[in-house]
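1. Got a sequence here, can you build the structure:
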Amino acid sequence: MREVKTCYGIIKGVSYMDCYPKGNLRNCVVAEHNELVTPFGILVPMFRNNEIRRKSGKPIAFYSNGCLKNLPLQEQTLIPTSLVRRG
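-> The predicted model follows:
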């Protein structure tokens, strides 16, 4: 298993990864608990399939500039937006 450095922190337990032609991370699949520090708070990417009807191994996807494109979460998480606020 590998580690990958991103602008959201180090991603550990990478079991699969794909890169853009210039070497930037395109997507990866993780097999252990990680916490990514995002503008929306700390988010935990999916690393374990614990439900029968849930696809396992969905990748975390990034744009070529390093920003998150898709982040499947381990658990349902409330994300504060202009429509939903914490508190």
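2. Next, count neighbours for the nearest residue to Val44 once chain neighbours are set aside.
-> Spatial nearest neighbour of Val44, excluding adjacent residues (Cβ to Cβ, 6 or more residues apart in numbering): Gln74 at 4.6 Å. (Each C-beta comes from the backbone N, C-alpha and C, glycine too.) Per other Cβ atoms under 10 Å, the neighbour tally for Gln74 reads 16.
3. mind checking how far Gln74 is from Asn24?
-> For Gln74, the distance to Asn24 equals 24 Å [Cβ to Cβ, to the nearest Å].
4. ok, now Val44?
-> Taken as Cβ to Cβ, the span from Val44 to Asn24 is 23 Å.
5. for Tyr63, same thing?
-> 9 Å.
6. One more: Pro59?
-> According to Cβ to Cβ, Pro59 stands 15 Å off from Asn24.
7. can you point me to the longest strand in the protein?
-> In the chain, taking DSSP state E as the definition, the longest strand is strand 9-19.
8. what about the residue nearest to Thr38 when sequence neighbours are not counted, neighbour count?
-> Nearest residue to Thr38 in three dimensions, chain neighbours excluded: Tyr8, at 5.9 Å (Cβ to Cβ, 6+ apart). By other Cβ under 10 Å, the residues close to Tyr8 number 21.
9. Was I right to think Tyr8 contacts Phe40?
-> No: applying Cβ atoms under 8 Å, one finds Tyr8 not in contact with Phe40, separated by 10.7 Å.
10. which phi and psi does Pro59 have?
-> Main-chain torsions, Pro59, degrees, to the nearest 10: phi -80, psi 150.
11. low pLDDT regions in this protein?
-> 50-57, 84-87 (pLDDT under 70).
12. which residues are in contact with stretch 14-27?
-> With Cβ atoms under 8 Å, 6 or more residues apart in numbering as the test, stretch 14-27 has contacts from 1-4, 6, 28-31, 57, 59-62, 64-66, 70.
13. ok, now with 6 Å
-> Residues from elsewhere that reach stretch 14-27, judged by Cβ atoms under 6 Å, 6 or more residues apart in numbering: Arg2, Val4, Cys28, Val29, Val30, Ala31, Pro59, Ala61, Phe62, Ser64.
14. Return the closest of those residues with respect to Lys12.
-> For the contacts of stretch 14-27, the residue nearest Lys12 by Cβ to Cβ is Val30; the value is 7.4 Å.
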